[in-house]
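Chemist: quick one: sequence plus predicted model below, questions after.
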Amino acid sequence: MEEEAKRRRREVGSRVLDKVGEVISAIKTAKHVDQVICSLHSLAVLLFPLDPSLISGSLDEGYREQVLNANIPSAEEREEWWQAFYRGAAFPTLARVLLFDVASNWLPCFPYSAKERVYDAFFVSGLSTEVVQILVPCLQPNGNDNLDVNAVQSNSERLLLLCFLENDGVVQMAREFGSAHQSSDFTSAQLKPVLSRVAQIVASIPDKARPKASTSLSSHFFFKHITLQLLDEVQERVKNLPKEAIFNESGSDVTMLFVGETFSRICRRGFSDVLLGEVIPQVLGDVQWCLSSCSDPATEEVFEANPRSQFWLRMMEAINDSYAVERMSEQLLHQLAIEQATNIEAYWTLWILFNRVIKNQPSVRSMFVYKFLLWKVFPICCLRWIIQFAVLECPPVANSLTKGCDAHVLLDTVQRLVAAWSKREFVQSAPVEQQAYVTAAIGLCMELMSKEELDKSKDVMHSILQGVSCRLESPTHLIRKMASNIALVFSKVIDPKNPLYLDDSCIDETIDWEFGLTKPEKRALPSSNENDEAKTLTISEPEKDLNYSRNNGIGRNNKGENKKASQFKLVDPDEIIDPATLNYGSASDRDEDDEACENSDSSSDSSLQPYDLTDDDTDLQKKFTQLVDVVGALRKSDDADGVERALDVAEKLVRASPDELTYVVGDLARTLVQVRCSDLAVEGEEESVEEKRQRALIALLVTCPFQSLDTLNKLLYSPNVDVSQRIMILDIMTEAAQELANAKSMKPKHQSTVLISTISENQPWFLPSSSGPPGAGAWKEVSETGTLLNYSNRYERELPPKPGQIRKGKTRRWSLRTPNMQENQLEWTQNKFPIYAAAFMLPAMQGFDKKRHGVDLLGRDFIVLGKLIYMLGTCMRCASMHPEASALAPPLLDMLRSREICHHKEVYVRKAVLFAASSILVSLHPSYVASAITEGNLEVSKGLEWIRLWALDIVESDVDKECYMMAMSCLQLHAEMALQASRAIETAETTFKAKNVGLPSILSKGTIRIPFSNVEY
């Protein structure tokens, strides 16, 4: 029987090929469209159940008889021909003619009924797995002289829409693979490569379709439609099967493999969100139905008894692509967070999809307990779901984490996370969001552990202590808060009665594991046409993260701010000041106090009551009026009251600039740096004392810059000061530079006068000029009263009132000199810093890379290095657009270009370097850059090109978001500077050409590139 069946199939196959050959020949030699329709009908009637009368009406009479008289085979013969046609070489041969020749030459002439029944039928009613392999390559045909490419493409897109969206072609494929596996012709191993190839072809349809194709072939719509088709088909089959036969038949396994392979390809194309958008509502619906159907807490048996749950379990098993599983898992967690699923719903959703694969596939378990906890970043609610499902492995109770009976997975997870969290390289290189996420994972897991379990964990205690100490050294407040939270949880595990609070914010019962992190808002970079003030980088300055630097990160009080704001008051240099009045306020303050006391005495009889006189000795203490006495008091570390009184008066005495200041400036600066305010101040007042010390040092730097800087630069790298003192020195240098840059003074404006003038008016020379506002009267001589000896004459005239002016008199007087100096005769001078810029910057840049005793800026003391670079950048900004900036930019660029600095491991240092680089771009005048290139100064051109390339490298490779934003701002500043410099060069070139002067040949060696363009100057 088998031999007879094979012989029969061969005979039918040979007849089919002969018939296809006849049809192709008829199409090639056809002169009329009806000939093509008749030839295709002669073959279609052998394959499909056609009614000839439906197409005969659109044909001429001669061809109509041919169609009506065609022989119609039986159903069995039709099935034999259909199988031989689609499973052999006949269909691919005819399909090429239909898709290329007929579509280009004849198809537009086909009547609609004929096109539907004798052309489209070959694709719609055919074997979908073969049809898709023929149609998809035609979306991108190879053009030739006789081929209408647009017609071929549009026809192929039309047929794909017809087959896959209107006739559920993907469902037909799944059924065909199931039927093929049930037959003896194909084995599972033979079908798997075909499954993979067909799924890949289906997923590539949106990419190969033309941009102007129908929106139904767009990726989002197409993948959504075929996802719904497959889900509905497989779920329908599950419903129709008895409970004991679910997925036991072999065809269902192959069908599910095709579904899994198609879903994998969709995820590979980057549309896992579209896939999960259809899957999650159905899974959540099944979970909610199961939870509502049982009165007691749901168990695994309840979900295993549900056939739909079995479908989801088998579906995830059919997805063999680990990347697709990972993308689906990530998208699932994010979508559940958006849907605001409860902890119980999220747990059972994860269980339905991943319970079986997480047990059978080690890669999936590693993905959940390693990659999702250590390298990915999810919302905190998703983190709780991952820990509950993959680590604790038991359903939650209410909305809190619930610990299961088996704790070995929890211990292993904590040990693995802590081992990575405690490494210094992780603190230096990992983004802050990732560090916060891993910290939260460790904290949530440790909250469920006991002291005994912690003791069993290998090296966990040591790693926790190492990680906490490493983070407490960080300049970023958020990272130090992570250490505080972990230390608090750790202390609660060791001794619940004595929690360790390293941060005042950790006083609540529940710890905020989100650390206040929110999704960043989209911020547009500054536009290129903003003014200079708006061009200043809106970036977080490195000093803002350094909480324990100046003032311990706490803002000054209002009194301190008022004092700082009042330091720019104009001071008459000829005014005589009594230093004794500078101690404790002005005389007016004392007068107000005395008046207040008198009012108090007169209004109440309580002043007549006796009081204790033991504290009157404080009024007899010596008041400092000399800087020498202040230095002496500061050196007496055992006299806390004397030190505090000396700090109270130090700033005012220094700003009074007495003659002795020049001789004591070095000793005073050294003593102020070395005094220990924290040891001398009363508890709770350390901030106030430290503020006074720093304001005195700033006043010293502003009043005597050169002498003070000589001392402070020596102390900066001295082994006799600690890190906090070095940071303080750099902070006060930064503030002093800004104060000098914003200093204002008033001086008479120089007015040029003409010594010899000509009188063009017809009036005596001794009369005032007749020029004036419209409506002014004539000059009249005024007779003076008193002495008869007048050496000058006075004249007056009437002037019209100004708009809005209230007239107070009838005349205005004119004389050779006004009694008061007018406002327009005064001018402001500002920015005294440029002349001191070199003294601020050059000594501080020397020897930064040398490792001395107690000084290691490139290693341990990276905070000091970041502060130093930030101070240098601030100095460049303070000297902006001055010649000093042009002279100091090259040495600063050499410092920043050193690999130890620009590629430093610490984010804090890299942010400082970006700030300094942007400061250089802001401070250099474009005309200087243009002239430097014109004159052959390649040092400037190379330095600016390095800034551009380095900023691009930061944008592409740096993991820190803040560094990315700062680098983008730096690139924009570089583009603006390059544009302005190029315009200056073009202007110079135009001027030289007008004067017939050639530009230097060295100009061609200087290059300015504008980022994100191909323009070079």
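Modeler: Yep, it's here.
Chemist: in this protein, which helix is the longest?
Modeler: Determined from DSSP state H, the single longest helix within the chain is helix 961-994.
Chemist: roughly how far is that one from the heart of the chain?
Modeler: Chain-centre distance of helix 961-994: 25 Å, with Cα atoms, centre = their mean, to the nearest Å.
Chemist: is Lys905 within a helix or a strand, and which one?
Modeler: If you go by DSSP states H and E, Lys905 is not part of any helix or strand.
Chemist: who's in contact with it?
Modeler: 425, 428-429 (Cβ atoms under 8 Å, 6 or more residues apart in numbering). All C-beta atoms are positioned from the backbone trio N, CA, C, and that covers glycine.
Chemist: please redo it, this time with the cut-off set to 10 Å
Modeler: Applying Cβ atoms under 10 Å, 6 or more residues apart in numbering to Lys905 gives the contacts 424-425, 427-429, 859, 862.
Chemist: which of the residues you listed count as buried?
Modeler: Burial by neighbour count, judged by 16 or more other Cβ atoms under 10 Å, picks out 427-429, 862 from the contacts of Lys905.
Chemist: so which of those belong to strands?
Modeler: Nothing among those maps onto strands, per DSSP state E.
Chemist: which members of those are the farthest-apart pair?
Modeler: Ser429 and Phe862 (13.4 Å; Cβ to Cβ).
Chemist: quick check: neighbours shared by the two?
Modeler: Contact criterion Cβ under 10 Å, 6+ apart; residues shared by Ser429 and Phe862: 905-906.
Chemist: Ser931 against Ser886, yeah?
Modeler: Yes. Contact criterion Cβ atoms under 10 Å: Ser931 and Ser886 qualify, at 9.3 Å.
Chemist: compare the two (neighbour count), which wins?
Modeler: Ser886 (20 against 17; other Cβ atoms under 10 Å).
Chemist: quick one: contacts for Leu411?
Modeler: Going by Cβ under 10 Å, 6+ apart, the list of residues near Leu411 reads 391, 445, 449, 453-454, 456-458, 460.
Chemist: after the host helix or strand of Thr874, which helix or strand is next?
Modeler: Thr874 belongs to helix 862-878 when assigned by DSSP H and E. As assigned by DSSP H and E, the chain's next helix or strand after helix 862-878 is helix 883-897.
Chemist: can you check what angle separates that next one from helix 862-878?
Modeler: On the basis of axes from the mean of the first three to the mean of the last three Cα atoms, to 10 degrees, helix 883-897 is oriented at 150 degrees to helix 862-878.
Chemist: any buried residues in helix 883-897, and which?
Modeler: Residues 884-886, 888-893, 895-897 are the ones in helix 883-897 that count as buried (16+ other Cβ under 10 Å).
Chemist: which elements pack onto it?
Modeler: Under the contact definition 3 or more Cβ pairs under 10 Å, 6 or more residues apart in numbering; DSSP states H and E, helix 883-897 sits against helix 837-845, helix 862-878, helix 899-902, helix 907-923, helix 926-934, helix 938-957.
Chemist: CA-only coordinates of it in PDB, if you can.
Modeler: Coordinates of each C-alpha in helix 883-897 appear next as PDB, following Å, rounded to 0.1, in the frame of the first residue of the first chain:
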ATOM      1  CA  PRO A 883      44.000  88.600  28.900                       C
ATOM      2  CA  GLU A 884      44.900  86.600  32.100                       C
ATOM      3  CA  ALA A 885      42.500  83.900  31.100                       C
ATOM      4  CA  SER A 886      44.200  83.400  27.800                       C
ATOM      5  CA  ALA A 887      47.500  83.100  29.500                       C
ATOM      6  CA  LEU A 888      46.300  80.600  32.200                       C
ATOM      7  CA  ALA A 889      44.200  78.400  29.900                       C
ATOM      8  CA  PRO A 890      47.100  76.400  28.400                       C
ATOM      9  CA  PRO A 891      48.600  75.200  31.700                       C
ATOM     10  CA  LEU A 892      45.200  74.300  33.100                       C
ATOM     11  CA  LEU A 893      44.500  72.400  29.900                       C
ATOM     12  CA  ASP A 894      47.700  70.500  30.300                       C
ATOM     13  CA  MET A 895      46.700  69.600  33.800                       C
ATOM     14  CA  LEU A 896      43.200  68.400  32.800                       C
ATOM     15  CA  ARG A 897      44.600  66.400  29.900                       C
END
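Chemist: what mean pLDDT does it have?
Modeler: Averaged over helix 883-897, pLDDT sits at 90.
Chemist: show me how far it is from its chain's centre.
Modeler: Remark: helix 883-897 is offset 30 Å from the chain centroid, using Cα atoms, centre = their mean.
Chemist: I'd say Ile954 and Leu914 touch.
Modeler: Yes. In this structure Ile954 lies within contact range of Leu914 using Cβ under 10 Å: 7.0 Å.
Chemist: what's the overlap in contacts for these two?
Modeler: Contact criterion Cβ under 10 Å, 6+ apart; residues shared by Ile954 and Leu914: 902, 963-964, 966-968, 970.
Chemist: can you name the two of these that are farthest apart?
Modeler: Spatially, the most separated pair among the shared contacts of Ile954 and Leu914 is Cys902 and Met968, at 16.8 Å (Cβ to Cβ).
Chemist: which residues in the chain form strands?
Modeler: Taking DSSP E to define them, one finds strands in the chain at 744-748, 780-782, 794-797, 812-814, 826-830.
Chemist: could you tell me the least trusted of those strands?
Modeler: For the strands of the chain, mean pLDDT drops lowest on strand 812-814, to a mean of 50.
Chemist: please tell me how far Phe123 sits from Gly13.
Modeler: In this view, Phe123 and Gly13 are 21 Å apart by Cβ to Cβ, to the nearest Å.
Chemist: so these two - more neighbours on which side?
Modeler: Using other Cβ under 10 Å, the more surrounded residue of Phe123 and Gly13 is Phe123, with 26 against 19.
Chemist: which ones are touching that one?
Modeler: For Phe123, the contact set (Cβ under 10 Å, 6+ apart) comprises 91, 95, 98-99, 130-132, 134-135, 156, 158-160, 162-163, 167, 169.
Chemist: coming back round to it: of the contacts of Leu411, select the buried ones using a PyMOL command.
Modeler: To isolate in PyMOL the members of the contacts of Leu411 that are buried, counting by 16+ other Cβ under 10 Å, one can use:
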select buried, resi 391+445+449+453+454+457+460
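Chemist: ok, which pair from the contacts of Leu411 is furthest apart?
Modeler: Spatial extent of the contacts of Leu411 (Cβ to Cβ) is set by the pair Val391 and Lys458 at 17.6 Å.
Chemist: where exactly do the helices run in the stretch 601-750 of the chain?
Modeler: Per DSSP state H, counting those that start in this stretch, the stretch 601-750 of the chain carries helices over the ranges 627-635, 640-655, 661-674, 677-680, 686-703, 705-716, 723-741.
Chemist: would you list the ones you listed in a markdown table and tack on mean pLDDT?
Modeler: Below are these laid out as a markdown table (pLDDT from 0 to 100):
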| stretch | mean pLDDT |
| --- | --- |
| helix 627-635 | 84 |
| helix 640-655 | 85 |
| helix 661-674 | 88 |
| helix 677-680 | 68 |
| helix 686-703 | 86 |
| helix 705-716 | 90 |
| helix 723-741 | 91 |
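Chemist: out of those helices, which is closest to Val325?
Modeler: helix 723-741 (48.8 Å).
Chemist: CA atoms only: put the closest one into PDB for me.
Modeler: Below are the C-alpha coordinates for helix 723-741, written out as PDB (Å, rounded to 0.1, in the frame of the first residue of the first chain):
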ATOM      1  CA  VAL A 723      42.000  66.700  54.500                       C
ATOM      2  CA  SER A 724      39.400  68.900  56.000                       C
ATOM      3  CA  GLN A 725      41.900  71.800  56.300                       C
ATOM      4  CA  ARG A 726      42.900  71.400  52.600                       C
ATOM      5  CA  ILE A 727      39.300  71.400  51.600                       C
ATOM      6  CA  MET A 728      38.700  74.600  53.600                       C
ATOM      7  CA  ILE A 729      41.700  76.300  52.000                       C
ATOM      8  CA  LEU A 730      40.300  75.500  48.500                       C
ATOM      9  CA  ASP A 731      36.800  76.600  49.600                       C
ATOM     10  CA  ILE A 732      38.000  80.000  50.800                       C
ATOM     11  CA  MET A 733      40.200  80.500  47.800                       C
ATOM     12  CA  THR A 734      37.100  79.900  45.600                       C
ATOM     13  CA  GLU A 735      34.900  82.300  47.500                       C
ATOM     14  CA  ALA A 736      37.700  84.900  47.700                       C
ATOM     15  CA  ALA A 737      38.100  84.700  43.900                       C
ATOM     16  CA  GLN A 738      34.400  85.200  43.400                       C
ATOM     17  CA  GLU A 739      34.400  88.200  45.800                       C
ATOM     18  CA  LEU A 740      37.300  89.800  44.100                       C
ATOM     19  CA  ALA A 741      35.500  89.300  40.700                       C
END
